[in-house]
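Peer 1: The sequence isn't on hand, but the structure is:
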Ligand SMILES: NC(=O)C1=CN([C@@H]2O[C@H](COP(=O)(O)OP(=O)(O)OC[C@H]3O[C@@H](n4cnc5c(N)ncnc54)[C@H](OP(=O)(O)O)[C@@H]3O)[C@@H](O)[C@H]2O)C=CC1
Ligand SMILES: Nc1nc(=O)c2c([nH]1)NC[C@@H]1CN(c3ccc(C(=O)N[C@@H](CCC(=O)O)C(=O)O)cc3)C=[N+]21
């Protein structure tokens, strides 16, 4: 089998056209969706993601502010900046770009963001809702992956899903979302034994390890759906995933490329959550 490529860039572009119309309609009702992105330090990768987010906001007509703080900013000062955004009526969504410098407690910062403006879906209240299967802001990367699966009518119910990676922002919420949709979910991580054996039982294999080409075709069951979340910069400057694309493609039914796979969908779901926040707050 040779896989069909799940083009996240193309799907993102389509969704952005729909969102642009939705934003225009909201503006008629005097609701102006507005996202604030807070960037600490000048990590080049973070800067590049943030630029992507600003561009996507511009395309869809969402207002975006970027607050850049120096690497040396104190935790207290950052918390104050967040508090101000929590209280700013015109701001619907707040995103603090991760990772943060070592002297700042990431969890403390995530706790400080109003759950109503937590468009990343990282606040413990929103994670709790996700665990309970209640309506909430879905974390953008898993939400984007789900949207890609749905766009191809890929069945989830009853399927065996294997997630490699258990981070709070990707692996864990991904498993919860698939479980909610009645998949049988297995989490793998760095202490997992027989990774290849477990992975090759998956109907849906999600790889979020942050290790260039750690998974190749020998980990993929014939006909499986392979989702590559990894973003790794190679020595030649190009981006590549956690999956060795060529050999995995020969066995999969669907596969996401890197770049132009999951990454663009993550940003698009951020916009979706911002629109949702704008609608929610306006109802109050
Ligand atoms: N496309 C997108 O939109 C996004 C892409 N990313 C990318 O996805 C990747 C993962 O990100 P993130 O979840 O934040 O990463 P983390 O580094 O937080 O987590 C990596 C996970 O992979 C596991 N892992 C590492 N090595 C192995 C191994 N040899 N065998 C099995 N499991 C292993 C770790 O296990 P343990 O817990 O035991 O340490 C951990 O759970 C990165 O490349 C990141 O850049 C991230 C966010 C969004
Ligand atoms: N609070 C917070 N929320 C996040 O959602 C968040 C974060 N912090 N920190 C870092 C990770 C990573 N992430 C990506 C977003 C888009 C692409 C993306 O668009 N990638 C393009 C390539 C972009 C390029 O060429 O540089 C692609 O895969 O095609 C990748 C990765 C969001 N993250």
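Peer 2: Nice, thanks for sending it over. Note that the structure is a prediction, hence the values are computed from the model and not measured. Ligands and ions are numbered 1, 2, ... in the order given.

Peer 1: now residue 170, nearest residue through space, not along the chain?
Peer 2: Nearest residue to residue 170, sequence neighbours excluded (C-beta to C-beta, 6 or more residues apart in numbering): residue 208, at 4.2 Å. Placement of C-beta: from N, CA and C, glycine included.

Peer 1: Give me the pLDDT for the one you found.
Peer 2: Predicted confidence (pLDDT) for residue 208: 98.

Peer 1: could you check the distance from it over to residue 236?
Peer 2: To residue 236, residue 208 is 23 Å away according to C-beta to C-beta, to the nearest Å.

Peer 1: Would you agree residue 205 is in contact with residue 216?
Peer 2: No - between residue 205 and residue 216 there is no contact under C-beta atoms under 8 Å: 11.8 Å.

Peer 1: The two: which is more packed in?
Peer 2: For residue 205 versus residue 216, neighbours defined as other C-beta atoms under 10 Å are more numerous around residue 205 (28 against 15).

Peer 1: who does that one bridge with?
Peer 2: Taking DSSP bridges, one obtains residue 162, residue 226 as the residues bridged to residue 205.

Peer 1: can you tell me which residues contact it?
Peer 2: Applying C-beta atoms under 8 Å, 6 or more residues apart in numbering, we find residue 205 in contact with 161-162, 164, 199, 215, 219-221, 224-227.

Peer 1: and of the residues you listed, the nearest to ligand 2?
Peer 2: residue 227 (12.4 Å; C-beta to the nearest ligand atom).

Peer 1: ok, for that closest one, nearest residue in space, not its chain neighbours?
Peer 2: Distance criterion C-beta to C-beta, 6+ apart; nearest residue to residue 227, sequence neighbours excluded, is residue 206 at 4.5 Å.

Peer 1: what about the one you found, neighbour count?
Peer 2: Number of residues near residue 206 (other C-beta under 10 Å) recorded here: 29.

Peer 1: now it: how far from ligand 1?
Peer 2: Distance of residue 206 to ligand 1, computed by C-beta to the nearest ligand atom, to the nearest Å: 10 Å.

Peer 1: Hmm, residue 162 and that residue touching each other?
Peer 2: Yes - counting by C-beta under 8 Å, residue 162 is a contact partner of residue 206 at 7.3 Å.

Peer 1: give the contact list for the nearest residue to residue 43 once chain neighbours are set aside.
Peer 2: Setting aside the residues directly before and after it, residue 43 is nearest to residue 99 in space (C-beta to C-beta, 6+ apart), at 7.9 Å. Going by C-beta under 8 Å, 6+ apart, residue 99 touches 43, 46, 106.

Peer 1: Take those and keep only those in helices.
Peer 2: Those of these mapping onto helices are 46, 106, per DSSP state H.

Peer 1: could I get the contacts of residue 99 as JSON lines with distance to ligand 1?
Peer 2: Below are these laid out as JSON lines (distance: C-beta to the nearest ligand atom, whole Å):
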{"residue": "43", "distance to ligand 1": "12"}
{"residue": "46", "distance to ligand 1": "11"}
{"residue": "106", "distance to ligand 1": "11"}
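
Peer 1: Tell me the buried residues within the contacts of residue 99.
Peer 2: By neighbour count, with 16 or more other C-beta atoms under 10 Å, these hold residue 46 as buried.

Peer 1: Also within reach of ligand 2: list those from the contacts of residue 99.
Peer 2: Cross-checking these against ligand 2 (C-beta under 6 Å from any ligand atom) gives no overlapping residues.

Peer 1: Residue 80 versus residue 68, what's the distance?
Peer 2: Distance of residue 68 to residue 80, given as C-beta to C-beta: 15 Å.

Peer 1: Around ligand 1, pick out the residues from the stretch 1-150 of the chain.
Peer 2: When proximity is defined as C-beta under 6 Å from any ligand atom, the stretch 1-150 of the chain approaches ligand 1 at residue 141.

Peer 1: Which one of the residues in the stretch 1-150 of the chain is closest to ligand 2?
Peer 2: Ligand 2 sits closest to residue 98 of the stretch 1-150 of the chain, with a gap of 3.8 Å, by C-beta to the nearest ligand atom.

Peer 1: That residue against residue 170, yeah?
Peer 2: No - here residue 98 does not reach residue 170: they are 11.4 Å apart, not a contact under C-beta under 8 Å.

Peer 1: Looking at those two, which one has more neighbours?
Peer 2: Each of residue 98 and residue 170 has its neighbours counted (other C-beta under 10 Å); residue 170 has more, 25 against 15.
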